[in-house]
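J.: let's see this in three dimensions:
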Amino acid sequence: MDLNTRSLQSSNGKSKSKTMAKILEEEAEDEAEDLSSSCGCFFCTMKQPDARLRRASVAAFFRELPYREDDDGGAVAAVWRAAMEAPDDPELPSLGAIRCMSLLLARAVDDAAWRRRGQNACVPYYAAHVLGSYTIRSSAHAELAVAAGAVRPLLALLGDAMTWVERRAATRALGHLASYDATYPAVARHAAEAVPLAVRAASTCVSDVYTNYVALAPSKRPKYQRELLTRGLHGGVGAEDRKAEEWASQLQCWSLYFLSCLASRDPSSHVLICQDTVFLRELCRMWGGLANGDSPAGVGLLRLLCRSAVGRDAIAACPDALSGLCDLARSSDDWQYMAIDCLLLLLGDRDSWDAVADATAPYLVDLAELRRLGPRRRLGDAITSALLLGDDDHASLGELRSEAREAIASLRGAKIERKEREGSMPRDELIQRKLLAKEKKRQGNDMFWHGEVERAIEVYTEALELCPLNGRRERLVLHSNRAQCWLARREVDAAVSDATRALSLARPANAHARSLWRRAQAYDMKGGMARESLLDCLAFAGAWLDGRKQGTQRASARGANLKKLPYCVARMIGKQMSVTGLFAGVSEDGGKVGREDRMPPCSDDDDGGDEDEKDVDGDDCDHDESEEEFYETELRFCRSG
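T.: Okay, the predicted model is just below:
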């Protein structure tokens, strides 16, 4: 190639470069002109049709927003709506939304005058909620929040910087930040401050919301809080109060979730949590409730505490905590298995066995027939092993109360001695004993119908002693019928015990509707057990309606003008719901009473179990068709009650 040709190509290249530079310069001028002509609000920037210009405008908006002096409430509310609608969308976080919200939070905490200006009162809530929404499922977004310094202002909101409304959103965001490996250390550095704040929030939130909002006349309630609560809500003050109750429940659940994230990763935090003995005493009574069924709430945290020596010691020394766990273990709550796990962890430690066996043995013996419950398998065998752990130490057994000693002795007799004895019996003898037990059951039914309740109890007891252990279905009915006899005598503890044994024998567990109803009545008679009674009533109602749909009720029952839930059951549900509401006991005990998105799961080890485990009796499910003899009698009791 000659020199003239090379010179020509070089000249052409320089000309192209100059042309490209001029084009880029003109585009930059056009972009600057477009940005300057825009009003600068978030709504205008989001309407920009050109994606490249829109992204540049949004990024510029987020850089400027934390330093504005004018009203920012509407803009932050728009970002909140975007975060709620698409929490997994990375566009706004990548353009600076998370950093912007973090800076706004810090400014709101530090500058009270700015916070009171116009709609800025809503900014802290919306900003904290945006952080919570974007970090609910994204570790990358959580890292952006930590890098932007969000932890410190969120902790200020968890404390006393503002009100329960902002505390609710901040606790939610902190829980998400504490749930990821990458961001947990940034939160854990503040554990000494965060744990007491979260404990106090969980303990006092119900009273706080009631006193500072629900108990006030609508005109006295903070205007911005009413606007936040009633956004898109219809139904007047009643609907507003129900929304406030739901938010109070969420604040409690998210506070407990935050504590659970800390406790699951760092056992040293158990010391901080267990320092507050009042909180520990109330913890099991803090539940997700009907509005937060996905949250294991207090019992989830208790189970984590039971995995450390310091936690076991603290719970073993707290009678109210043990009592709450025992009551939950004998309920139809979805988290029943967690309560049993807690008690097994306490009994599995030889150091704490002596401290808890006295209080827990009479309750756990009723659950010794459990096979499957939630993700757990062979729970009855685990209960038996745990309670009999002290069998080789007669000194320990001698220190127990007579009720606990008798319970453990009966368990040993039924699960070990009787099982061995029946294992050596000829098959014909077992069949004969089963037939005799069936005849005894018939006699007991006759006696009950004729008002000879005490004699019926004796005959049912004889039938239970005769019936082989492999006659699971027969024993279930005997325990359930004897529970009805105890109810007639108003001996509620015995009725709860027999109904629980029947429900433990059911397949699946808690599937025997008649026993659920009997236990619900017993809990109602006992008093102070409204939650347990309500849960049993709801489980019974579900089984009743499901049985009606599937046609499994007897013809006599279906023909008894029972086209819907029996009135006595509906009345009981209404009664218990009126006394189990979150605010029901606020005026009496200072408020310390026990779905915008689903609660994220805490890490939990599944014990696996045998997925192919078969029921030795070959029954898939227990229905109530074989013991409907009590049907008319029980309804008569309902009407007379």
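J.: I'd like the mean pLDDT over stretch 278-285, please.
T.: Here stretch 278-285 scores 93 as its mean pLDDT.
J.: before we move on, what about stretch 543-553?
T.: Stretch 543-553 comes out at a mean pLDDT of 69.
J.: low-confidence ranges in the stretch 451-600 of the chain?
T.: 548-563, 587-600 (pLDDT under 70).
J.: mind jotting down where the helices sit in it?
T.: Taking DSSP state H, counting those that start in this stretch, the helices of the stretch 451-600 of the chain run over residues 453-466, 472-488, 492-505, 513-526, 530-550, 555-558, 567-580, 586-589.
J.: now these in CSV, with mean neighbour count and distance to Pro222?
T.: Backbone N, C-alpha and C define where each C-beta goes, glycine included. As requested, the helices of the stretch 451-600 of the chain are exported to CSV (neighbours: other Cβ atoms under 10 Å; distance: least, Cβ to Cβ, whole Å):
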stretch, mean neighbour count, distance to Pro222
helix 453-466, 19, 58
helix 472-488, 24, 49
helix 492-505, 24, 45
helix 513-526, 26, 39
helix 530-550, 20, 31
helix 555-558, 13, 53
helix 567-580, 16, 28
helix 586-589, 13, 19
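J.: closest one to Arg168 among those helices?
T.: Arg168 lies closest to helix 586-589 among these, at 17.5 Å (Cβ to Cβ).
J.: figure out which of the helices of the stretch 451-600 of the chain is closest to Gly380.
T.: Nearest of the helices of the stretch 451-600 of the chain (Cβ to Cβ): helix 492-505, 7.0 Å.
J.: could I get the helices of the stretch 451-600 of the chain as a markdown table with distance to Trp247?
T.: A markdown table is the format used below for those (distance: least, Cβ to Cβ, whole Å):
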| stretch | distance to Trp247 |
| --- | --- |
| helix 453-466 | 48 |
| helix 472-488 | 39 |
| helix 492-505 | 34 |
| helix 513-526 | 29 |
| helix 530-550 | 20 |
| helix 555-558 | 42 |
| helix 567-580 | 18 |
| helix 586-589 | 15 |
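J.: tell me which of the ones you listed lies nearest to Val199.
T.: Across the helices of the stretch 451-600 of the chain, closest to Val199 is helix 586-589 (Cβ to Cβ), at 17.8 Å.
J.: off-centre distance for the helix or strand where Ala142 lies?
T.: Using DSSP states H and E, Ala142 maps to helix 139-147. Relative to the centre of its chain, helix 139-147 is centred 26 Å away, using Cα atoms, centre = their mean, to the nearest Å.
J.: which helix or strand lies directly C-terminal to it?
T.: Where DSSP H and E defines the elements, the next helix or strand beyond helix 139-147 is helix 151-158.
J.: show me what that following helix is packed up against.
T.: On a contact count with 3 or more Cβ pairs under 8 Å, 6 or more residues apart in numbering; DSSP states H and E, helix 151-158 meets helix 97-110, helix 123-134, helix 164-177, helix 191-209.
J.: who touches stretch 348-362?
T.: Stretch 348-362 is contacted from outside by 309, 312-313, 316-317, 319, 322-323, 325-326, 343, 346-347, 386-387, 389-390, 396, 399-401, 403-404, 407-408, using Cβ atoms under 8 Å, 6 or more residues apart in numbering.
J.: tell me how far it lies from the chain's centre.
T.: Counting by Cα atoms, centre = their mean, stretch 348-362 comes out at 26 Å from the chain centroid.
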